[in-house]
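Asks: Structural data only, the sequence is not supplied:
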């Protein structure tokens with residue numbers, strides 16, 4: 001427990017920031033070149049792009065909360081668990097980001113664009129990952145019921161997951 005509250009706590013901000021910039025929850029779907037190739041529409045791109053600041057703000061808030069000296073040990077553990085889960089999801093979504101963003105380099109397919117199936121696959125897998133992550137966060141929330149600050153931060157993370165899932169579902173419906 002001391003390791004989590006001591007040294008581990010200070011490794012979260014740098015790692016979270018790198019992950020946020022590298023993969024991020026919202027990066028599972030966005031790249032400026034994607035919509036130009038025709039699989040994703042401009043509207044899809046804008047929806048997906050809106051996830052970047054949503055996730056970045058959540059991660060910044062979680063990391064700042066975990067660093068606050070007035071946060072109880074139990075609340076900090078709940079927040080740190082949430083950060084760990086979100087970092088894991090970033091790692092998992094990174095490979096699907098690649099599948100989606102590689103489309104920008106492959107644009108000359110005519111009417112039958114095989115990238116549509118690849119993007120659909122990546123969106124489906126991303127949705128599956130988000131669904132599993134939501135379940136894990138709900139389990140953490142159940143363990144954190146006596147820590148209102150930590151539980152509130154977990155609920156914020158679940159809301160971001162739900163928003164992301166809704167956007168993915170909307171995009172998937174048009175693929």
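Replies: Arrived safely. A quick note: this is a predicted structure, and the numbers were derived from the prediction, not measured.

Asks: any low-confidence regions in this structure?
Replies: In the predicted model, the chain carries pLDDT under 70 at residues 1-38, 98, 100-113.

Asks: Show me where it has its helices.
Replies: Taking DSSP state H as the test, the helices found in the chain are 2-5, 7-22, 42-49, 51-67, 73-101, 115-143, 148-174.

Asks: would you list the ones you listed in TSV and tack on mean neighbour count?
Replies: Glycine gets a C-beta too; all of them are placed from N, C-alpha and C. Output for these, formatted as TSV (neighbours: other C-beta atoms under 10 Å):
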stretch	mean neighbour count
helix 2-5	12
helix 7-22	15
helix 42-49	17
helix 51-67	18
helix 73-101	20
helix 115-143	17
helix 148-174	18
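
Asks: I'd like to know how far residue 42 sits from residue 71.
Replies: According to C-beta to C-beta, to the nearest Å, residue 42 and residue 71 sit 42 Å apart.

Asks: ok, now residue 136?
Replies: Taking C-beta to C-beta, one finds residue 136 at 22 Å from residue 71.

Asks: Against residue 86, how distant is residue 125?
Replies: The gap separating residue 125 from residue 86 is 18 Å, by C-beta to C-beta.

Asks: Same check on residue 95?
Replies: 17 Å.

Asks: swap in residue 126?
Replies: From residue 126 to residue 86 the distance is 14 Å (C-beta to C-beta).

Asks: what do you get for residue 71?
Replies: In terms of C-beta to C-beta, residue 71 sits 18 Å off from residue 86.
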